[in-house]
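# I would like the atomic coordinates for the input below:
(2 chains)
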Amino acid sequence: MTMLLKVSNVDFAYFGRKVLHDISLSFRQGEIVSLLGPNGSGKTTLLKILLGLLTPQSGSVHFEGRLLKSYAGNDLAKRIAYVPQTHREAFAYTVEDVVLMGRMPYHSFFSTYSASDREIAEAAMVRLDILALKDRAYTEISGGERQLTLIARSLAQGAGVFIMDEPVNGLDYGNQMRLLNDINGLAKEGLTFIMTTHFPDHALMTADRVILFKEGRVIADGAPEVTITRETLQTLYRIDVNVVAMPGSGCTGRFCMPVWAM
Amino acid sequence: MRMKNLALPVLAVLLFAVILVSLYLGKYRVALPEICQFAGWKILGLTGLAEEKRVLLANILLDIRLPRIMAAILIGASLSIAGAAFQALFINPLVSPGLLGVLAGASFGAALGMICSKSWLVVQFSTLIFGFAAVAVAMGIARMFRTHSIIMLVLGGIISGAFFTASLSIIKYTADPSNQLPAIVYWLMGNLSAVDGGTLWIVSLPMLLGIVTLICGGGRLNVMSMGEEEAKSLGINVGRVRLTVIFLATLISALTVVIGGMIGWVGLIIPHICRMIVGPDNRLLLPAAALTGAIYLLVVDDVSRLLFNFEIPTGIVTSLIGIPFFVLVLKNAHRGWK
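Next up is the predicted model:
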């Protein structure tokens, strides 16, 4: 497997307050990586560094063997896509308009979307089963549909790496599970997902690899069944949680159950 | 969907019709056949019109009415498109072109020019320069706080606008009350009666250039209105696009003050109305706003020069119509934005 993204000895501080300490990580193509950790542990900051939105004070980030900051903005956008947390927008663009925005990196200031851009956008909407929402206002669809729209936009962008900030945030249980299933399917096609989450269960379900963050440091990095344990969850969240294996499922079917609920 | 596609052609035809009607309307009655004959002579070289009648019509239609019509079109289109562009850039549908202080600065510049010089050229230059100066002050204040966030820019604009408004008061206070002060006050009311053809030709080029460039940037403005980080992750050079849009909007807004003084409310309500008709997509919204703004100001200017025996400053009429209209717009504005 090829090394896609490589973070070496990265430190980051906001106005002198250090939030990442000497982070070194690498990401391979086709992986689903979950970043797990309490609020303020530096997960989102790392995502923004991977996107080139923040520049670390020291250390380096390489993408496909080249320094990340040496990429032009639109070149990077063709390779790495950002799926932000869902939020309400000021303007009611249609779902199609939002998905079409993914084609922006392919255009100069004066050029406009072509017929092939529309086809690509449509294919992305078909892939995520939201074509019926095409003409609906992005502000008036549900949170789950908005998240799918943003993922469709990233597909239209043609990027191989999807960086997602708490993708299931604010979604109901059904939409959470459908979204995780969609992400699973896309990863099987070779896309790489790096996402933050607050749910160890979701990491157990979908991730190939889990990275645990605490106070700006990586405390564990590996397969979910190795990293998500009673001890690590105790360290991260200071609660007592049992990680239970489904009987007869080997090490794949695992879930978390707080001790007080057992 | 179909209605949206029809919007631009319909608006263009409407604008053309309003131009013809505005040419026809006026204190001096020109018969419709005469206008046709005059057009026939001017365009096709037909000789159905007596020589002295030609001179008279050329004077009324081409020297008096046409420049004023062009001024209304340019000002209406510029303010509307600057407003729409700012609304996308600042992710706020309640923003007007004066957000960063350009109109306050330009007004101050005009007043300063009037008390310092008799030359109209100096007044016009001073208007343009102080329009830009006010925006530069706003951006400088935002930069002082070492952030590039939109909110600091807005605050910078409020501070800069307040500063130039206060400075304008100082100028008014020190101006000679018998002739300078009335001239300043009259100018700030905004009117198109003093438009001269020569100035118009010179400023129309940068204005058209600004309008067309902003329209081309519509797709990018859509992305900008999703927020700075998203726009960056979609490959937009946020700093450069922001600077370009602010520069162009400032240029065309300041030039509207150069031509016609302060014309209020157009830049806020027209983009609103257009967003309700064609939706928020800036690729369609910007040209629609330009056309609608042109039509609106042309009609308002016709009203202000014909309604009474004397002319009312156009800026007063736009405000008087704009304010109640805005209340109506807000009442059923649930579709275009929330």
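
# Can you pull the phi and psi angles for A:K6?
Phi and psi for A:K6, reported as degrees, to the nearest 10, are phi -130, psi 120.

# distance of whichever residue of the stretch 151-262 of chain A sits closest to chain B from B:G218?
Per CB to the nearest CB, the residue of the stretch 151-262 of chain A with the smallest distance to chain B is A:Q157, at 7.1 Å. C-beta coordinates here come from the backbone N, C-alpha and C atoms, glycine included. From A:Q157 across to B:G218, the span is 19 Å (CB to CB, to the nearest Å).

# Could you check which of those two is surrounded by more residues?
A:Q157 (27 against 20; other CB atoms under 10 Å in any protein chain shown).

# Would you agree that one is in contact with A:L76?
No - contact criterion CB atoms under 8 Å: A:Q157 and A:L76 do not qualify, at 10.5 Å.

# Which neighbours do these two have in common?
Residues within reach of A:Q157 and of A:L76 at once, by CB atoms under 8 Å, 6 or more residues apart in numbering or on different chains: there are none.

# Return the longest helix seen in chain A as PDB; C-alpha atoms alone will do.
Secondary structure assigned by DSSP state H gives helix A:173-188 as the longest helix of chain A. Coordinates of each C-alpha in helix A:173-188 appear next as PDB, following Å, rounded to 0.1, in the frame of the first residue of the first chain:
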ATOM      1  CA  TYR A 173     -29.800   7.000  14.400                       C
ATOM      2  CA  GLY A 174     -31.000   5.800  11.000                       C
ATOM      3  CA  ASN A 175     -29.200   8.400   9.100                       C
ATOM      4  CA  GLN A 176     -26.000   7.800  11.200                       C
ATOM      5  CA  MET A 177     -26.000   4.100  10.200                       C
ATOM      6  CA  ARG A 178     -26.900   4.800   6.600                       C
ATOM      7  CA  LEU A 179     -24.100   7.400   6.300                       C
ATOM      8  CA  LEU A 180     -21.500   5.000   7.900                       C
ATOM      9  CA  ASN A 181     -22.600   2.300   5.400                       C
ATOM     10  CA  ASP A 182     -22.200   4.700   2.500                       C
ATOM     11  CA  ILE A 183     -18.700   5.600   3.800                       C
ATOM     12  CA  ASN A 184     -17.800   1.900   4.000                       C
ATOM     13  CA  GLY A 185     -18.900   1.400   0.400                       C
ATOM     14  CA  LEU A 186     -16.900   4.300  -0.900                       C
ATOM     15  CA  ALA A 187     -13.800   3.200   0.900                       C
ATOM     16  CA  LYS A 188     -14.100  -0.200  -0.800                       C
END
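
# in chain A, what spans have low per-residue confidence?
Low-confidence segments of chain A (pLDDT under 70): A:1-2, A:88, A:249-252.

# which residues are there in it that come within reach of chain B?
A:48, A:51-53, A:73-78, A:80-82, A:84, A:87-94, A:97-98, A:101-102, A:104-105, A:107, A:109-110, A:112-113, A:135, A:137, A:139, A:157 (CB under 8 Å from any CB of the partner chain).

# Dihedrals phi and psi, the residue of the stretch 151-262 of chain A closest to chain B?
phi -60, psi -20.

# Run through the residues that contact the residue lying closest to it once chain neighbours are set aside.
Once flanking residues are discounted, A:Q157 sits nearest to A:G102: 3.9 Å by CB to CB, 6 or more residues apart in numbering or on different chains. Contact analysis of A:G102 by CB under 8 Å, 6+ apart lists A:81, A:121, A:124, A:152-158, B:234.

# Any idea how many residues pack against the residue nearest to A:T94 when sequence neighbours are not counted?
Closest residue in space to A:T94, ignoring its immediate chain neighbours: A:D135 at 5.4 Å, by CB to CB, 6+ apart. A:D135 is flanked by 11 other residues according to other CB under 10 Å.

# can you check B:D176 too?
B:D176 has 10 neighbours, counted by other CB under 10 Å.

# ditto for B:L307
Neighbours of B:L307 (other CB under 10 Å): 11.

# Pop out the phi and psi values for it.
phi -60, psi -40.

# measure it to B:W187 for me?
21 Å.

# need the contact list for A:P167.
Neighbouring residues of A:P167 by CB under 8 Å, 6+ apart: A:83, A:85, A:147, A:179, A:183, A:195, A:197.
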